[in-house]
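J.: next comes the sequence, and after it the predicted model I'd like to discuss.
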Amino acid sequence: MRRYVAAIDQGTTSSRCIIFDRQGKIVGSAQREHRQIFPKPGWVEHDPREIWVNTEWAMGAALGNAGVAASELAAVGITNQRETTVVWDRATGEPVYNAIVWQDTRTDALCEELAGEQGIARYADRTGLPLSTYFAGPKLRWILDSVAGVRERAEAGELAFGTMDSWVLWQLTGEHLTDVTNASRTMLMDLRTLQWDSAICADFDIPMSLLPEIRSSSEVYADAVSGPFAGVPVAGILGDQQAATFGQACLLPGEAKNTYGTGNFMLLNTGTTPVFSKHGLLTTACYQLGDEPAVYALEGSIAVTGSLVHWLRDNLGIIADTSEIEPLARSVDDNGGAYFVPAFSGLFAPRWRPDARGVIAGLTRFVTKAHLARAALESTAFQTREVVDAMRADAAAQQLDLELTTLKVDGGMTANSLLMQFQADLLDVPVVRPVVTETTALGAAYAAGLAVGFWESTDEIRANWAADRTWTPDMPEPERTQRLSEWNKAVERTYGWA
């Protein structure tokens, strides 16, 4: 009897597999980290082969931990770090180069060249995206230009490009596909037609034979052909932030969620018409269920949040384990006047300043490592407030019915109660964490399960969602205003470094 659905969550720092029951509860999981490769300042890479080995291990280990056989799985869904780019040989399956990670900034000069006189918004009316090192298209162009022999092999039809969903699906099934959500993060897809834009591909000098076929987020693509899930239908693909939005049951226009992970990503469901931002947000495909119309979202993407805690641990040695950040930050009453702006890869939404670099401002002899720990956590909440302000501005300008009354949150950093309380204080709205915080994997599982009839409709998804904890705001308005003003001064100090 098919009683469960599995989700493969191929993330920035690890690959996981989680098995869910019909109520959306976790019955088993496994996870393994992969290396972060930094060949040069600003360059970030992963080994795609290592990621697949870890993913396959996690699939088998999750079955074992759950005490579940593959024959009990109705379907498997895939969710993934978006924009991370890999190119491989269609015959051998060998990558031609390491995967270039979404955080990588090596394509900054290329993006300036492509922008030309029209500026970074050159393709925004078709793709919903500014020209940025963040997205996959420029990374693909870099591989074509910089790795010996790759362009010739690509033009001969020997190579395949994909984001990490395509890489995992190809390993599982041998099919070269992606879904609308991941395709919308390449800068190569027209948001309205949901197809590759041949004119943009020509501008980028990218052979279209490299590109995967674009499909919906919820349909049976193929059965897994080997490995722990052999014979199980692969039936859902969602980029990680879209998957979290789906898993949080943000299924109606005006509903929003914020994921606190390596970076932060807030998505606002805008319905079946793409809304193009005038205030620094991205327009993206949110999900598409089979033959139904695609649903779109406005997104605020923040590059460095959870990874700043890792930086304090790995680069400065301020903490030995990430779990130490909250008690250290709680040991002081405030940030001591220090503000930490982690613009390590420039600033993403809503400012889009690739020339920015990280700054700690307001230092005095009074400041200790505890104040820095608190300032690091607070930076995540301040950046989120900027995204919310941009969403409110877009909603007002375009007469959307949006009043953020609560913020649904998920991701690893939501375990940090100090951060969640400060977030509620800065937004002046309650912050709500669900019972199942693994909403990214859950969203991919829902997409796959809906495709095979394991769940009959999205009504069951909404019924499964339940709140675990709510933080209510408790900061006086004058203090909030002052703190935001000081944060803004600190951010402006980051401009023009690169």
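T.: Nice, thanks for sending it over.

J.: where's His371 relative to Arg330, distance?
T.: His371 is 12 Å from Arg330, where distance means CB to CB, to the nearest Å. Quick note: C-beta positions are derived from backbone N, CA and C, even for glycine.

J.: neighbour count: these two, which is higher?
T.: His371 (24 against 15; other CB atoms under 10 Å).

J.: dump the residue contacts of the spatially closest residue to the more buried one that is not a sequence neighbour.
T.: Take His371 and drop its neighbours on the chain: the residue closest to it by CB to CB, 6 or more residues apart in numbering is Gly336, 3.6 Å away. Counting by CB atoms under 8 Å, 6 or more residues apart in numbering, Gly336 touches 364, 366-368, 371, 374-375.

J.: which SSE is Phe340 in?
T.: Element membership of Phe340, judged by DSSP states H and E, is strand 339-341.

J.: helices or strands next to that strand in the packing?
T.: Contacts defined by 3 or more CB pairs under 8 Å, 6 or more residues apart in numbering; DSSP states H and E place strand 339-341 against strand 359-361, helix 369-397, helix 477-492.

J.: just how off-centre is the first one within its chain?
T.: Going back to what we said before, that points to strand 359-361. The chain centre lies 26 Å from the centre of strand 359-361; the measure is CA atoms, centre = their mean, to the nearest Å.

J.: okay, buried residues for the helix or strand hosting Ala199 please.
T.: In the assignment (DSSP H and E), Ala199 maps to helix 198-204. By neighbour count on 16 or more other CB atoms under 10 Å, the buried set for helix 198-204 is 200-201, 203-204.

J.: need the phi and psi values for the residue lying farthest from the centre of the chain.
T.: The centre of the chain is farthest from one residue, Arg365, which by CA atoms, centre = their mean lies 37.8 Å away. Main-chain dihedrals, Arg365, degrees, to the nearest 10: phi -60, psi -20.

J.: any idea how far it is from Gln288?
T.: Counting by CB to CB, the separation of Arg365 from Gln288 is 56 Å.

J.: now Val309
T.: Applying CB to CB, the value for Val309 to Gln288 is 34 Å.

J.: kindly report the same for Thr322.
T.: Thr322 is 36 Å from Gln288, by CB to CB.

J.: now Ala303
T.: From Ala303 to Gln288 the distance is 27 Å (CB to CB).

J.: between these two, which has more neighbouring residues?
T.: Between Ala303 and Gln288, counting by other CB under 10 Å, Gln288 is the more crowded of the two (25 against 22).

J.: hang on, isn't the more buried one packed against Glu219?
T.: No - judged on CB atoms under 8 Å, Gln288 makes no contact with Glu219 at a distance of 9.1 Å.

J.: and the contacts of Gly336, which is closest to Ala349?
T.: Minimum distance to Ala349 across the contacts of Gly336 is 20.9 Å, recorded for Ala375 (CB to CB).

J.: re the thing from before, right, and the helices and strands packed on strand 339-341 - which one's nearest Ala75?
T.: Between Ala75 and the helices and strands packed on strand 339-341, the shortest gap by CB to CB is with helix 369-397, which sits at 33.2 Å.

J.: packing partners for the closest one?
T.: Packed against helix 369-397 by the contact rule (3+ CB pairs under 8 Å, 6+ apart) you find strand 256-260, strand 264-271, strand 295-302, helix 306-311, helix 325-330, strand 339-341, helix 417-427, helix 477-492.
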